[in-house]
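Visitor: A structural model of the following input is requested.
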Amino acid sequence: MLERLQQAIEEDPLWLHSSYTPARQWEAQLSLGAIWDQGTSSEQTLAFLHTFFEMAKDYFQRHRHSGQSDASLRKHIVSTPLKVADQLRPPTQEEQVAPWPWEGLSSIIGRVARAMHYEHPDWVLITTDTPHRKVYSREIPLLHRLADYRVLERMLGLDEAEIYHMTLHRFATRLQSPRKGEHVASSSAGAESITRPLLSRSAVRRVGISLRNTKICPSCLEEEPGYDRLFWRLRPVILCPRHSLVLIDRCPNCLVPIPGLRPSPHKCPYCQHTEYRQAQPALIPPASWLHEGQTLLLHLLTAESVASWTGSLTFVESPLFRIESWQYFALLERFENLLQPRLTQSIVVQTLKKLAWEDDQGISESQAIRRVALQMALFHYLLACWPENLLKMVDCVANQMKGPQKKGSMHENFWQTDRMMQQIWCASGSSDTPFAFLLQVFETLFTWATTPGIPSSRERGTQQ
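Guide: Numbers count the residues shown, from 1 in each chain. You can find the predicted model right below:
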């Protein structure tokens, strides 16, 4: 009940997310994990209940006059029969399943639950011995508590290393700087963490990792066996290169996000009758910049060595292969600043779209996926065919800026195209600091897009 209620409120349009202090306190209590243990002291139990009722009182007092809230809560609460503790049982050896390549932990928990004929995969997260312990389902993608690993080892028949490789911590050394430290302290006081590289909370926010929901490829789920890939939870991953299809992130009928932990891999648990396979995802041409970029991204995430790239020759000379994987994601995040809504009409963004982007209307009904698709296409266009694409973009922007300029404007400081091109050629031939150079390039593009006195493409068209 607690997990269902929290999920409903989180997805309610009135929810204030991180700024909601009572919710943060409740989330912290749930993450501690001790509240699931029947052996928890009465003081801890009372402290948790006090936090819970304060949160509920504050939420409903604030929004007691809103009819929209009630409708949304009903929309996201799934009616699930309770499994009485004495009905729980450990899976037999035949019911335990082996993980598939890059399978997520939520996916294999769901497969075990279906093999046991459980009505909901949450039941696999509860121990059969007394006192009962439960793994908090929202922690599964970033599982770090040693006690939770012990619970899942018994229920899944897998060891710590196998479970770890089905969590997003598997990407820790690829997604964050080594300076952040290989091990992140546990978020729960007194809880022992596993001694493996862990993703920091800041990295989770920066990369855009979904803890509750996922994206899926309908064609992948039609295969035997159908299972969720771990990297589908990462915000930058929106394409299945195997089938050249854009991933879907919501039910095509009720438009509710797809939960990672769900009774059926195909059927929406909210509207109960719609299958995700009914969605019509967009087919992306393999030669497009979006497809090229997604293929390269997944290579950087999953390959043992960056040098093992066997994809498109357009990236052979790219500086992307002279930087670390975490630096690639840092650059991707920095480039995202250029695509802010207030900069969409800037000459820099409009020029990039003309060179590398055709139309995003047929990509997906999801605005979030369309935004990532644009980011991935433009970013990888700039860094492919190195350095010709970047020079072409700079030249196109410079040509649009020809004409009379106001004396003393910032044009004089930034639009010295010959010098900029010379710097690009010199830096691109150097292998010493490609990451620092690319950071400088993106900072320069951002400055050009935000410089006062440089008209947007719309304003320039009006002037002409």
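Visitor: can you pull out the strands in the protein?
Guide: 213-214, 239-240, 245-246, 258-259 (DSSP state E).
Visitor: could you redo the ones you listed as TSV and give each row mean pLDDT?
Guide: Listed next are the strands of the chain as TSV, based on pLDDT from 0 to 100:
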stretch	mean pLDDT
strand 213-214	94
strand 239-240	94
strand 245-246	94
strand 258-259	92
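Visitor: kindly reformat those as TSV containing distance to residue 129 and mean neighbour count.
Guide: Bear in mind the C-beta positions are built from the backbone N, C-alpha and C, glycine included. Shown next, in TSV, are these (distance: least, C-beta to C-beta, whole Å; neighbours: other C-beta atoms under 10 Å):
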stretch	distance to residue 129	mean neighbour count
strand 213-214	31	21
strand 239-240	41	26
strand 245-246	44	22
strand 258-259	28	22
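Visitor: any chance of these in JSON lines, with distance to residue 266 too?
Guide: Listed next are these as JSON lines, based on distance: least, C-beta to C-beta, whole Å:
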{"stretch": "strand 213-214", "distance to residue 266": "13"}
{"stretch": "strand 239-240", "distance to residue 266": "16"}
{"stretch": "strand 245-246", "distance to residue 266": "15"}
{"stretch": "strand 258-259", "distance to residue 266": "11"}
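Visitor: now for this protein, the helix or strand with the poorest mean pLDDT.
Guide: Lowest on mean pLDDT, DSSP states H and E among the helices and strands of the chain sits helix 411-414, with a mean of 47.
Visitor: give me phi/psi at the residue nearest to residue 120 when sequence neighbours are not counted?
Guide: Of all residues not flanking residue 120 in the chain, residue 80 sits nearest, at 4.9 Å (C-beta to C-beta, 6 or more residues apart in numbering). Dihedral pair for residue 80: phi -130, psi 120, per degrees, to the nearest 10.
Visitor: residue 80 contacts residue 123, correct?
Guide: No: proximity of residue 80 to residue 123 does not meet the contact threshold set by C-beta atoms under 8 Å, at 9.4 Å.
Visitor: who's more crowded, these two?
Guide: When residue 80 and residue 123 are compared for neighbours, residue 123 comes out ahead with 20 against 14, by other C-beta atoms under 10 Å.
Visitor: any low-confidence regions in the chain?
Guide: 9-22, 63-78, 180-191, 359-361, 401-432, 452-464 (pLDDT under 70).
Visitor: mind listing what's buried along stretch 325-345?
Guide: For stretch 325-345, a neighbour-count test (16 or more other C-beta atoms under 10 Å) marks 325-332, 334-336, 338-339, 343-344 as buried.
Visitor: again with stretch 379-395
Guide: Neighbour-count burial for stretch 379-395 [16+ other C-beta under 10 Å]: 379-387, 389-391, 393-394.
Visitor: please apply the same query to stretch 45-59.
Guide: Within stretch 45-59, the residues that count as buried by 16+ other C-beta under 10 Å are 48, 51, 52, 55, 59.
Visitor: what's the distance between the second one and residue 134?
Guide: This means residue 51. Distance, residue 51 to residue 134, using C-beta to C-beta, to the nearest Å: 18 Å.
Visitor: now the helices: where do they sit in the stretch 351-464 of the chain?
Guide: Using DSSP state H, counting those that start in this stretch, the helices found in the stretch 351-464 of the chain span residues 367-383, 388-400, 411-414, 417-428, 434-450, 457-463.
Visitor: and for the stretch 101-250 of the chain?
Guide: 105-115, 146-156, 160-164, 172-175, 201-207, 218-222.
Visitor: give me whichever of the ones you listed is most buried.
Guide: helix 105-115 (a mean of 23; mean count of other C-beta atoms under 10 Å).
Visitor: helices or strands next to that helix in the packing?
Guide: helix 146-156 (3 or more C-beta pairs under 8 Å, 6 or more residues apart in numbering; DSSP states H and E).
Visitor: what does the helix it packs on contact?
Guide: Helix 146-156 has contacts (C-beta atoms under 8 Å, 6 or more residues apart in numbering) with 33, 90-91, 96, 105, 108-109, 112, 124-125, 127, 133-136, 139, 143, 158-160, 163-164, 191-194.
Visitor: show the buried residues in those residues.
Guide: 33, 91, 96, 105, 108-109, 112, 124-125, 127, 133-136, 139, 143, 158, 163-164, 191, 193-194.
Visitor: domain assignment for the protein?
Guide: The chain breaks down into these domains under automatic domain parsing: 2-76, 85-207, 301-402+413-456.
Visitor: next up, the contacts around the nearest residue to residue 220 once chain neighbours are set aside.
Guide: Distances taken as C-beta to C-beta, 6+ apart put residue 240 closest to residue 220, at 6.1 Å, once the chain neighbours are dropped. Residue 240 makes contact with 217, 219, 220, 246, 247, according to C-beta under 8 Å, 6+ apart.
Visitor: just checking, the third one touches residue 231?
Guide: No: in this structure, residue 220 sits apart from residue 231 without contact. The criterion is C-beta under 8 Å, and the distance is 12.0 Å.
Visitor: so what's in contact with these two at the same time?
Guide: The overlap between the contact sets of residue 220 and residue 231 (C-beta under 8 Å, 6+ apart) is empty.
Visitor: quick one: the helix of greatest length in the chain to chain centroid distance?
Guide: Counting residues, the longest helix in the chain under DSSP state H turns out to be helix 42-62. Helix 42-62 sits 30 Å away from the centroid of its parent chain (C-alpha atoms, centre = their mean, to the nearest Å).
Visitor: what's that helix packed up against?
Guide: By 3+ C-beta pairs under 8 Å, 6+ apart, helix 42-62 packs against helix 21-32.
Visitor: helices and strands around the helix it packs on, which ones?
Guide: With contacts taken as 3+ C-beta pairs under 8 Å, 6+ apart, helix 21-32 sits against helix 2-10, helix 42-62.
Visitor: can you rerun that using 6 Å?
Guide: helix 42-62 (3 or more C-beta pairs under 6 Å, 6 or more residues apart in numbering; DSSP states H and E).
Visitor: tally of neighbours for the closest residue to residue 297 other than its chain neighbours?
Guide: Spatial nearest neighbour of residue 297, chain neighbours left out: residue 236 (6.0 Å); criterion: C-beta to C-beta, 6+ apart. As a burial measure, residue 236 scores 21 neighbours (other C-beta under 10 Å).
Visitor: try residue 256
Guide: When neighbours are counted by other C-beta under 10 Å, residue 256 comes out with 17.
Visitor: rewinding a little: now, among the buried residues of stretch 45-59, which is nearest to residue 358?
Guide: Of all these, the one with the least separation from residue 358 (C-beta to C-beta) is residue 59, at 44.7 Å.
Visitor: that closest one and residue 395: what is the separation?
Guide: Taken as C-beta to C-beta, the span from residue 59 to residue 395 is 55 Å.
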